[in-house]
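Chemist: missing the sequence, but the structure's below:
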């Protein structure tokens, strides 16, 4: 049996190119003592992966050249040498862009495939959902009646943030690229408004849709959109720094020139890392499933087939050509 | 009797020029019912004044062209039509760059000239001291053993921040311009170290003097120094945005390109406005005077004589050619 893999061949300058990747085929590994073999069904595609392609960043270990690209995964246990997991169990982990991987049970979390399709455990029931939940609730601290703005509103994290804000009694305003995404955000997801940054003036849109200014801004993109929202903060606003997808392919980040608005607005800009909340994931999942059952939280996965499409699929993260959580289905046979 | 005044004649582009100011002489006004006449002894020179020279900023009302320049003041009541204040009382207020002004008692705070020289009520016992106190303690929230870095360390606010940090059991590292200021900050004020940004690499200095990284950064300057400190934040660090003197004379602010370090460090960047704490000034002054009596808090005023020197004195705020709190002695006769 063959294990197809995607390896990091070169460190990209800007957007990753095809030549930054190498495809390899190796024998499927055998699990050792207290290990299991997982047949990976889906590989997650996340903006953070672009950072992992860089050499030493200060806060995340980069992927070594020649190594299998780091990625979140979901799959099925195919062989088990551990009493902790049985053949047929569904598990998530960070097993990389490949079709098979060996792991220790403690590196995996068992999930229930009867509750949701497997790929959803890479989305709302995985890292993007937890990022939305803890960033909004623990850093943003929404109160009923407040205005929450989120960028990347049609994406895996942003779509969840706005719906969670609505569930908490807030006004939700999204920012997304293109009329189709904006229509989806408002009509399907129930946001109060969505600003199309590709075709509208974001500052004018914020003025129109946030008459009481912005109490919480959940930022997934950075750049000019962050600056525009900073200019519209309400007193004691919270800016949740979750990501900066507009900057990930630049050799040098651009900071928010309007940061001094934090002073006048007595506002707080705060970063967080979702893994810090790992012990609370279970409780969060309970509330998320409750919202889903009540129809308050809709999710969508954008599934692309075939491990050979990994390079082009990843580019969709940055071109915006996707909706909801982007995943790659990699299992064959 | 003549009242000499400094008025805003033009809106500066960059550093204020002599031609941006107009000197006028008007008769000393008579206080009306329930008003007092104050003979101003000292006018405060503060970086925030540069912002007041601009047209409508979002968060502070600009000074109108032709008006007396807004400025903090201290002086002596010379005539009183109010039972609330007597002739001879010392008072602070925001009475502008002039020698005399009429005011209502509620616009003034009575101060005790036997406790400290009058100009000190524009410094450690006035806005700069309160800015240091509330910014450090309420926004920064220092804990014993933590590392506090402050820019503008030889200035009115910065010198107080570092000494207050020491009083709270923290390690204090200053950033200032030139070897003389740095020697003053360490030798006279008792900071643990001071980085000379004009002659040293700030990042290297932070690495050398903050081995456990930076828990609190009190930022008075913005610009490249802010970026350098962001790259050295400790986990859960707090960045207190107090000012951005490096940016005040630019037509467009430059934001911190390293703001994304907030994410990895799970850090918070927060602005504040000292006037929000007005009701707590009294309690703060008690603690400040206690520190001064214990020798833990030294202050210095840099007094320039003569209202005609207002334009050149103000430029010293930005050239750095001053130490401690800069004030202008304006009384004559």
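Modeler: Sure thing, it's come through. Predicted model, so just to flag it, every value in this text is computed and none were measured.
Chemist: what about residue A:312, helix or strand, and which?
Modeler: Per DSSP states H and E, residue A:312 falls inside helix A:310-319.
Chemist: chain center to the very next helix or strand once past that helix: distance?
Modeler: Following helix A:310-319 in sequence order, the next helix or strand is strand A:325-329 (DSSP H and E). The chain centroid and the centroid of strand A:325-329 are separated by 11 Å under CA atoms, centre = their mean, to the nearest Å.
Chemist: how close does the residue nearest the centre of chain A get to residue A:183?
Modeler: Geometric centre of chain A, nearest residue: residue A:128, 3.9 Å, by CA atoms, centre = their mean. Distance of residue A:128 to residue A:183, given as CB to CB, to the nearest Å: 21 Å. Quick note: C-beta positions are derived from backbone N, CA and C, even for glycine.
Chemist: number of nearby residues for the nearest residue to residue A:239 once chain neighbours are set aside?
Modeler: Excluding its sequence neighbours, the residue lying closest to residue A:239 (CB to CB, 6 or more residues apart in numbering or on different chains) is residue A:269, at 4.0 Å. As a burial measure, residue A:269 scores 29 neighbours (other CB atoms under 10 Å in any protein chain shown).
Chemist: next one: residue A:104
Modeler: Residue A:104 has 15 neighbouring residues, counting by other CB under 10 Å.
Chemist: Then residue A:116?
Modeler: 17.
Chemist: mind listing what it touches?
Modeler: Taking CB atoms under 8 Å, 6 or more residues apart in numbering or on different chains, we find residue A:116 in contact with residue A:125.
Chemist: Could you do residue A:257 as well?
Modeler: A:227, B:252-255.
Chemist: just to revisit the earlier point, after the helix or strand containing the residue nearest to residue A:239, which helix or strand is next?
Modeler: Residue A:269 is part of strand A:268-271 when elements are defined by DSSP H and E. Downstream of strand A:268-271, the next assigned helix or strand under DSSP H and E is helix A:281-293.
Chemist: Rounded mean pLDDT for the very next helix or strand once past that next one, please.
Modeler: Next in sequence after helix A:281-293, counting helices and strands by DSSP H and E, comes strand A:301-305. The pLDDT scores in strand A:301-305 average 95.
Chemist: Show me which residues of strand A:301-305 are buried.
Modeler: For strand A:301-305, the neighbour count (16 or more other CB atoms under 10 Å in any protein chain shown) marks A:301-302, A:304 as buried.
Chemist: want to throw those into CSV with distance to residue A:177?
Modeler: Below are the buried residues of strand A:301-305 laid out as CSV (distance: CB to CB, whole Å):
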residue, distance to residue A:177
A:301, 19
A:302, 15
A:304, 19
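Chemist: still on that earlier bit, ok, the closest residue to the residue nearest to the centre of chain A other than its chain neighbours - contacts?
Modeler: Leaving aside its sequence neighbours, residue A:128 sits nearest to residue A:156 (CB to CB, 6+ apart; 3.7 Å). Applying CB under 8 Å, 6+ apart, one finds that residue A:156 lies in contact with A:46, A:123-124, A:128-129, A:324-326.
Chemist: can you redo the residues you listed as JSON lines with distance to residue A:54?
Modeler: Formatted as JSON lines, the contacts of residue A:156 follow (distance: CB to CB, whole Å):
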{"residue": "A:46", "distance to residue A:54": "15"}
{"residue": "A:123", "distance to residue A:54": "25"}
{"residue": "A:124", "distance to residue A:54": "28"}
{"residue": "A:128", "distance to residue A:54": "21"}
{"residue": "A:129", "distance to residue A:54": "26"}
{"residue": "A:324", "distance to residue A:54": "26"}
{"residue": "A:325", "distance to residue A:54": "23"}
{"residue": "A:326", "distance to residue A:54": "20"}
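Chemist: List just the nearest of those residues to chain B.
Modeler: residue A:46 (14.2 Å; CB to the nearest CB).
Chemist: The closest one contacts residue A:316, doesn't it?
Modeler: No - the pair residue A:46 and residue A:316 fails to qualify as a contact (CB atoms under 8 Å) at a distance of 11.8 Å.
Chemist: Among these two, which residue is more densely surrounded?
Modeler: Between residue A:46 and residue A:316, counting by other CB under 10 Å, residue A:46 is the more crowded of the two (24 against 16).
Chemist: Compute the number of surrounding residues for whichever residue of the stretch 151-300 of chain A sits closest to chain B.
Modeler: Closest residue of the stretch 151-300 of chain A to chain B, CB to the nearest CB: residue A:264 (2.8 Å). For residue A:264, the neighbour count with other CB under 10 Å is 18.
Chemist: Quick check, pLDDT for it.
Modeler: At residue A:264, pLDDT is 87.
Chemist: Hmm, residue B:271 and it touching each other?
Modeler: Yes - assessed by CB under 8 Å, residue A:264 is found in contact with residue B:271 at 7.0 Å.
Chemist: okay, now residue A:62: neighbour count?
Modeler: By the measure other CB under 10 Å, the count of residues near residue A:62 is 16.
Chemist: go on, residue A:201?
Modeler: Neighbour tally, residue A:201, other CB under 10 Å: 12.
Chemist: now residue A:178
Modeler: 15.
Chemist: Once you drop chain neighbours, what's closest to it?
Modeler: residue A:198 (5.5 Å).
Chemist: Kindly confirm my reading that the one you found is in a helix.
Modeler: No - Residue A:198 is assigned coil when assessed by DSSP: H, G, I helix; E, B strand; the rest coil, not a helix.
Chemist: mind checking how far it is from residue A:205?
Modeler: On the measure of CB to CB, residue A:198 and residue A:205 end up 12 Å apart.
Chemist: What of residue A:322?
Modeler: Distance from residue A:322 to residue A:205, by CB to CB: 22 Å.
Chemist: What about residue A:180? Give its phi and psi, please.
Modeler: The phi/psi pair for residue A:180 (degrees, to the nearest 10) reads phi -70, psi -50.
Chemist: mind listing what it touches?
Modeler: Contacts of residue A:180 by CB under 8 Å, 6+ apart: none found.
Chemist: Helices of chain A, start to end?
Modeler: For chain A, applying DSSP state H gives helices covering A:48-52, A:127-134, A:156-167, A:179-183, A:202-209, A:223-230, A:261-264, A:281-293, A:310-319.
Chemist: And the fourth one, what's buried?
Modeler: Read it as helix A:179-183. Within helix A:179-183, the residues that qualify as buried are A:181-182, counting by 16+ other CB under 10 Å.
Chemist: And for the fifth one?
Modeler: Residues of helix A:202-209 classed as buried by neighbour count (16+ other CB under 10 Å): A:202-203, A:205-206, A:209.
Chemist: Give me the contact status of it with chain B.
Modeler: No - for helix A:202-209, no contact with chain B is found by CB under 8 Å from any CB of the partner chain; the gap never falls below 12.3 Å.
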